[in-house]
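Novice: Just to be clear, the model below is a prediction. Sequence and coordinates:
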Amino acid sequence: MGFSGAGMRRRVLGAAVAAGAAVPLLPAVAPPAAADVGGVRGCESGDFKLIYEGREAAAGTDYIRFAMQRIMGDGPGGEPCAIHAPLPVHWVADGPDGERVGDWGRYDSEPPEPFTVEPGGRADLVVRQPNPVNYPEEECDPQPVAGVRLYLRFEDDPGTYGSTGGQDVMCAEPGKAVPTAVVTPHGG
């Protein structure tokens, strides 16, 4: 029985997650940015604005919610586009042009199938963030962050920024309190 490269990667990643291994965001694992879903072009970062919607917390983890609101952007905003989850995300300091703080986020172990977002529509982003206070300060190196940057392509993509109002502190030390990004169809 043969497996496609992408199918094999999903199975290997699924097995790693089931075994409790951390799955970092790696460009080699994601679907190609230019891939279409039923003839619909892939979404670009310029197609979306991230809007902070709130947060909940449970068991030492914050669940930070953003609306991925479809805007005209740099791409052809008057037509549908397809999102290929999982998508890379990281925390940034000092606003939209800030430097990355901490590790790249991890992929959700069960991302949704690619889906289409209509003009004026939206998708939902949840960043699952382990609370940095769960780590000793000397192991965490806590740093203030202003928000997240989400990328819809892996190459030549400036990302789209979503502010959390500067109310967060994240671990700058690699491997500590690494976020997980989950992107789903709105209401899905």
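Specialist: Received, thanks. Numbers count the residues shown, from 1 in each chain.
Novice: switch to C-alpha atoms for all contacts and neighbour counts from now on
Specialist: Fine.
Novice: any idea what sits nearest Gly78, other than its immediate chain neighbours?
Specialist: For Gly78, ignoring the flanking residues on the chain, the nearest one in space by Cα to Cα, 6 or more residues apart in numbering is Pro119 at 5.7 Å.
Novice: which residues sit in contact with the one you found?
Specialist: 70-72, 77-80 (Cα atoms under 8 Å, 6 or more residues apart in numbering).
Novice: In three-state terms, label it for me.
Specialist: Secondary structure of Pro119, reduced to three states by DSSP: H, G, I helix; E, B strand; the rest coil: coil.
Novice: Check it and give its pLDDT.
Specialist: According to the predicted model, the pLDDT of Pro119 comes to 89.
Novice: The contacts of Pro119 in strands, which ones?
Specialist: Residues from the contacts of Pro119 lying in strands, with DSSP state E as the criterion: Arg70.
Novice: most neighbours, which of the contacts of Pro119?
Specialist: Counting neighbours by other Cα atoms under 10 Å, Arg70 comes out on top of the contacts of Pro119 with 24 neighbours.
Novice: I'd say Phe66 and Ile51 touch.
Specialist: Yes: assessed by Cα atoms under 8 Å, Phe66 is found in contact with Ile51 at 5.2 Å.
Novice: more crowded one of those two?
Specialist: Neighbour comparison, Phe66 and Ile51: the larger count goes to Phe66, with 23 against 17 (by other Cα under 10 Å).
Novice: now the more buried one, which residues is it bridged with?
Specialist: Applying DSSP bridges to Phe66 yields these beta-bridge partners: Tyr52, Leu125.
Novice: From Trp91, how far off is it?
Specialist: Taking Cα to Cα, to the nearest Å as the measure, Phe66 and Trp91 are separated by 14 Å.
Novice: Give me the common contacts of these two.
Specialist: With contacts defined as Cα under 8 Å, 6+ apart, no residue is adjacent to both Phe66 and Trp91.
Novice: Where does pLDDT dip in the chain?
Specialist: Confidence mapping of the chain against pLDDT under 70 gives the ranges 1-37, 73-77, 188.
Novice: Show me where this protein has its helices.
Specialist: For the chain, the helices defined by DSSP state H cover 5-18, 137-140.
Novice: Contacts for the last one next, please.
Specialist: Spelled out, it's helix 137-140. Residues lying outside helix 137-140 but in contact with it, judged by Cα under 8 Å, 6+ apart, are 132, 171-173, 176-177.
Novice: As JSON lines, those residues with distance to Glu56 would be great.
Specialist: Putting these into JSON lines (distance: Cα to Cα, whole Å) gives the following:
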{"residue": "Pro132", "distance to Glu56": "15"}
{"residue": "Cys171", "distance to Glu56": "19"}
{"residue": "Ala172", "distance to Glu56": "22"}
{"residue": "Glu173", "distance to Glu56": "24"}
{"residue": "Lys176", "distance to Glu56": "20"}
{"residue": "Ala177", "distance to Glu56": "17"}
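Novice: just to revisit the earlier point, shared neighbours of Phe66 and Ile51, anything?
Specialist: The contact sets of Phe66 and Ile51 overlap at Gly162 (Cα under 8 Å, 6+ apart).
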